[in-house]
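K.L.:
Got a sequence here, can you model it:
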Amino acid sequence: MLWKLNKCVYGLKDASRVWYFTVRSLLLELGCTQFQVDPGMFYWFHKNRLNGLFLIHVDDFILGGTSECETNVINKIRSKFEKGKQVSSAFNYIGLEIKQDNFGITLDQKSYVDSVNPIILSRARSLRKTDELSKDESDQLFCLEGQLNPIFP
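P.N.:
Numbers count the residues shown, from 1 in each chain. Okay, the predicted model is just below:
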């Protein structure tokens, strides 16, 4: 039996790519502009002023803007896609602690940095600085590198 799918199904190899282009298409349709440097960032101008900024990472969104932006863009995004958890004051997003108050928006990575696991070496091994890495040491280093990527992109 062969099935022809009319749209992409969650879990398929290209599902995340199809999802990205669906979100991108809507943002562009709503008048947003995509940053050239980061394809996951979009902005929205209204009356020659920056009024909205949008970040997408897989299926996580950060949406921010003025009341005009909320009416013309954000509410339309919300109505188009089923939303899960929605927070507006303090939250974690891909390793960043994001807090908003009356004075502005603060970003920090302290919690994420504190969660990074160091590589523990025995005293004897730490003295053999010129030895090649073992397979286990190489795997640990590769894992640590992955943990450090969000801190030092």
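K.L.:
who's in contact with whichever strand or helix holds Ala124?
P.N.:
Assigned by DSSP states H and E, Ala124 belongs to helix 123-127. Helix 123-127 is contacted by residues Asp131 when judged by C-beta atoms under 8 Å, 6 or more residues apart in numbering. Every C-beta, even on glycine, is put in place using the N, C-alpha and C of the backbone.
K.L.:
Could you list every helix and strand that the longest strand along the chain packs against?
P.N.:
Longest strand of the chain, by residue count under DSSP state E: strand 49-57. Secondary-structure packing of strand 49-57 (3 or more C-beta pairs under 8 Å, 6 or more residues apart in numbering; DSSP states H and E): helix 15-29, strand 41-46, strand 60-65, helix 67-69.
K.L.:
Run me through the strand neighbours of that strand, direction for each.
P.N.:
Pairing partners of strand 49-57, with direction, according to DSSP bridges: strand 41-46 (antiparallel), strand 60-65 (antiparallel).
K.L.:
and that strand, average pLDDT?
P.N.:
Strand 49-57 carries an average pLDDT of 90.
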